[in-house]
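**Student:** From the sequence below, what's the structure:
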Amino acid sequence: MPASALKEDPLMTPNRRFVLTALAATLPSLVCGPAAAAAPPGTPARLGQAVNAAQAQGFAGEVLVADADSVWFEHAVGLARRQPDVAHKTGAVWRWGSVSKQVTVTMAMQLVDAGQLKLDDTLAERWPAFQAPNAAQITVRHLMQHLSGLAHPDNSPRDPDGVWSFYRRKGPPWQPDALRFCAGPATAVPGERFYYGDCDTLVLAGLLEHLTGQTIPQLMQQRLAQPLKLRSLRLNEGRTRAMAVAMDARRQPVPQPVMATYGAGGAMEGTARDLLAFNRALLAGRLVSAASRQAMWTGEPKWGYAGLGVWAFTAPIAGCAEPVELVERRGYVGGIQARNIIVPARGVSVVMFSNQADFDFGEIWQGKGFSHDVLAAALCTAAEGPAATLPR
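**Tutor:** Sure thing, here's the model as predicted:
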């Protein structure tokens, strides 16, 4: 498989960019309902060891591991902010960053299930007022998979502190200005190039608002927060209640964008528990149909195993006898990192947040790093194969 460099977020530094290279196994179907999962013996202790080892390497934040029925592990370590020092605690509100894209795609797939939208519909067909180049060729699927060729926020000027000016727009409202930018000069022919960026999701969100007559915050409340009882989920539209302050390796605050400018592509906030509830609802078929979930969770090797709003791939995990099917969604906005990992066959979710902008979660497919070690501790036992090697 050709390697594909997948840029996770506009503020991601080069060494934090997500690169998937050749994986041995071809993705099997991920649409079957999860089997009942029981925590392997000693799982909390192994997870605690992995978190402690990561903290020694600079991790600070929250880790939540659970199956469909119970929480196996929930722990917070390190400092949420400094001067005065405030420790992280479980249940805090976090920036979800680009996990927002996973949520937005899910709401779009609900319209697909209702027959109000098709993945192969074009922007010109469904939203004629959005006059972007190639609108007659850009499909809903292109937007979800970052193949649209729309204008890219990275092409806006950088401010002196390194933040792209696209994310320093003033308002409200922020959306009209963002959509005007996204309708600017094309970067590629639709369907010919993977180019990760926020315009895809911002335009998808604009299409949802056009088709439903509701705003994204209204759709979030009606389709997610109310039915799933997600008390913390919200879209940052100008101020935040997230407590963590992003810090770099020198323990200095990270330059901040205007959070609301990320919109449906990166401005959602909530607790780890609410993100877990979202995952559980997806796994249980409460949000989208099995067919829609399959479409979302089928990674395309040509594009680095990008699915619709997520990456879906199989990877060997230390201590597991067979490679494990995974659905991963990352987030990084203003130095706050998020990892949302679903193990469909086992019904297990791993939710992790950190305010350490430079902390390296590693790459699961490489068999090393914090994300891999948490999965090894949660899913695998020494009896299944070689014991996972935790970082020291």
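**Student:** residue ranges with poor pLDDT in the stretch 251-392 of the chain?
**Tutor:** 382-392 (pLDDT under 70).
**Student:** for it, what spans make up the helices?
**Tutor:** 272-283, 290-296, 370-379 (DSSP state H, counting those that start in this stretch).
**Student:** Tell me how many other residues crowd the closest residue to residue 287 other than its chain neighbours.
**Tutor:** The shortest distance from residue 287 to any non-neighbouring residue, by CB to CB, 6 or more residues apart in numbering, is to residue 281 (4.9 Å). Every residue, glycine included, has its C-beta placed from N, CA and C. The local packing of residue 281 (other CB atoms under 10 Å) involves 17 other residues.
**Student:** Which stretch among the helices of the stretch 251-392 of the chain is buried most, on average?
**Tutor:** helix 370-379 (a mean of 26; mean count of other CB atoms under 10 Å).
**Student:** list the helices and strands that one packs on?
**Tutor:** helix 43-56, strand 61-66, strand 324-333, strand 336-343, strand 348-354 (3 or more CB pairs under 8 Å, 6 or more residues apart in numbering; DSSP states H and E).
**Student:** Which one of the helices of the stretch 251-392 of the chain lies nearest to residue 109?
**Tutor:** Nearest of those to residue 109, taken as CB to CB: helix 290-296 at 4.2 Å.
**Student:** Quick check: the gap between the residue nearest to residue 287 and residue 126.
**Tutor:** Separation of residue 281 from residue 126 (CB to CB, to the nearest Å): 26 Å.
**Student:** so where is the stretch 1-150 of the chain shaky, pLDDT-wise?
**Tutor:** 1-40.
**Student:** now the helices: where do they sit in it?
**Tutor:** Under DSSP H, counting those that start in this stretch, the stretch 1-150 of the chain gives helices at 43-56, 99-113, 123-126, 140-145.
**Student:** I'd like these as TSV, with distance to residue 203 appended.
**Tutor:** Shown next, in TSV, are the helices of the stretch 1-150 of the chain (distance: least, CB to CB, whole Å):
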stretch	distance to residue 203
helix 43-56	37
helix 99-113	11
helix 123-126	7
helix 140-145	6
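**Student:** Nearest approach to residue 297 belongs to which of these?
**Tutor:** Nearest of these (CB to CB): helix 99-113, 10.6 Å.
**Student:** Taking helix 272-283 as reference, get the angle to the closest one.
**Tutor:** 30 degrees (axes from the mean of the first three to the mean of the last three CA atoms, to 10 degrees).
**Student:** which residues in the chain form strands?
**Tutor:** Counting by DSSP state E, one finds strands in the chain at the ranges 4-6, 18-20, 61-66, 71-77, 79-81, 86-87, 94-95, 234-235, 268-270, 311-315, 324-333, 336-343, 348-354.
**Student:** Give me the sheet partners of the third one and which way each runs.
**Tutor:** It refers to strand 61-66. Neighbouring strands of strand 61-66 in its sheet, by DSSP bridges, are strand 71-77 (antiparallel), strand 348-354 (antiparallel).
**Student:** need those in CSV with distance to residue 337 and mean neighbour count, can you?
**Tutor:** As requested, these are exported to CSV (distance: least, CB to CB, whole Å; neighbours: other CB atoms under 10 Å):
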stretch, distance to residue 337, mean neighbour count
strand 71-77, 14, 18
strand 348-354, 5, 26
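**Student:** Any chance of JSON lines for the ones you listed, columns distance to residue 63?
**Tutor:** Output for the strands paired with strand 61-66, formatted as JSON lines (distance: least, CB to CB, whole Å):
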{"stretch": "strand 71-77", "distance to residue 63": "6"}
{"stretch": "strand 348-354", "distance to residue 63": "5"}
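**Student:** Which one of those strands lies nearest to residue 163?
**Tutor:** That would be strand 348-354 among those, by CB to CB, at 19.6 Å.
**Student:** how distant is the closest one from the center of its chain?
**Tutor:** Distance, stretch centre to chain centre, for strand 348-354: 11 Å (CA atoms, centre = their mean, to the nearest Å).
**Student:** now the angle between helix 43-56 and it, please.
**Tutor:** Between the axis of strand 348-354 and that of helix 43-56 there is an angle of 20 degrees, by the same axes, to 10 degrees.
**Student:** please renumber so the chain begins at 479
**Tutor:** Noted, 479 is the first residue going forward, which turns the last one into strand 826-832.
**Student:** dump the residue contacts of the residue nearest to residue 853 when sequence neighbours are not counted.
**Tutor:** Spatially, and ignoring its direct neighbours in sequence, residue 853 is nearest to residue 795 (5.3 Å; CB to CB, 6+ apart). Going by CB atoms under 8 Å, 6 or more residues apart in numbering, residue 795 touches 801, 802, 842, 845, 850, 853, 854, 857, 858, 866.
**Student:** rerun that using 10 Å as the cut-off
**Tutor:** 801-802, 804, 821, 842-843, 845, 850-851, 853-858, 862-863, 866 (CB atoms under 10 Å, 6 or more residues apart in numbering).
**Student:** Now it. Its backbone dihedrals?
**Tutor:** phi -120, psi 130 (degrees, to the nearest 10).
**Student:** distance of it from residue 782?
**Tutor:** On the measure of CB to CB, residue 795 and residue 782 end up 19 Å apart.
**Student:** do the same with residue 752
**Tutor:** 28 Å.
**Student:** can you check residue 538 too?
**Tutor:** Counting by CB to CB - residue 538 and residue 782 are separated by 29 Å.
**Student:** what distance separates stretch 829-847 from the centre of its chain?
**Tutor:** With CA atoms, centre = their mean, you get 13 Å for stretch 829-847.
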